[in-house]
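Asks: fold the following for me, if possible:
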Amino acid sequence: MQSQAYLSSAQVFARHKRTKEAELYTRMGLDAFPATPEGDPGYALDVNIYTLSRDAGHAQLEMGHVAEAYSALELYTSSMQLIPERVRMEIVNAQTKVAILENDRDRYAFFLKDSLTSSLAAGSKKRFDEACTTFKEEMPASWLHNREIQDIAEQYWLQRAN
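Replies: Numbering: from 1, shown residues only. So this is what the prediction gives:
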C-alpha cells in the first residue's frame, strides 16, 4: 500500500511539473513494492504488480520520460499470475500514448486494435472512449494514411477532424 501511495504522489507531482519530487516518489514507490507481494495485506486490495506497473507508467508519462514509461508499463510481465483485464486495458491505453510519443506507428496500431477489441469484449465504454480520444486528439494526422490504421478506423467507426 505504501508503494501505491508513493506512485500516486509521483503522478500528482509530475502533473504539476515538479519533476524532481515525481522522480523521487516514483523510485520510492518501486523500492517499497515487496519482493513477495502476495503476502502483503494490501495485495488483495487492488495493490499488486499490475497496478504498480500501471501507476509507475503513468507517472513516467506525466514526466515526459517516454522510454522509462514503456519499461514501467511492462513491469507486470514478470508476474506469472493472470492480469485483471480492467488493469490490462488501462496499461494498453497508456502504451498507445507511449507509442505515439516514440513515433512508433506500428506499435500504436497494435495497441489501438488490442484496446478497442478488449474494451468491446469486456463491455468497457470507458476504456473504449479512452482509446478513441487518443486516436482523435493525440495520434499524428499523418498516420491516417497508413493502411493498418485506416482498417482499424473503418472497423471501429473511428473518425477525426483533420
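
Asks: and the nearest residue to Gln2 once chain neighbours are set aside, how far is that from Ala5?
Replies: Nearest-residue entry for Gln2: Ala32, 4.6 Å, with adjacent residues in sequence omitted and distances by C-beta to C-beta, 6 or more residues apart in numbering. To be clear about C-beta, it is placed using only N, CA and C from the backbone, and glycine gets the same treatment. As for Ala32, its distance to Ala5 is 9 Å (criterion: C-beta to C-beta, to the nearest Å).

Asks: Asn48 touches Thr36, doesn't it?
Replies: No - because the distance of 11.7 Å does not satisfy C-beta atoms under 8 Å, Asn48 is recorded as not touching Thr36.

Asks: nearest residue to the most centrally placed residue in the chain in space, please, no chain neighbours.
Replies: Centre of the chain computed as the mean C-alpha position; nearest residue by C-alpha atoms, centre = their mean is Ala94, 2.5 Å away. Beyond its immediate neighbours in the sequence, the residue positioned closest to Ala94 (C-beta to C-beta, 6+ apart) is Gly57, lying 5.2 Å away.

Asks: per-residue confidence for Gln81?
Replies: You'll see Gln81 listed with a pLDDT of 77.
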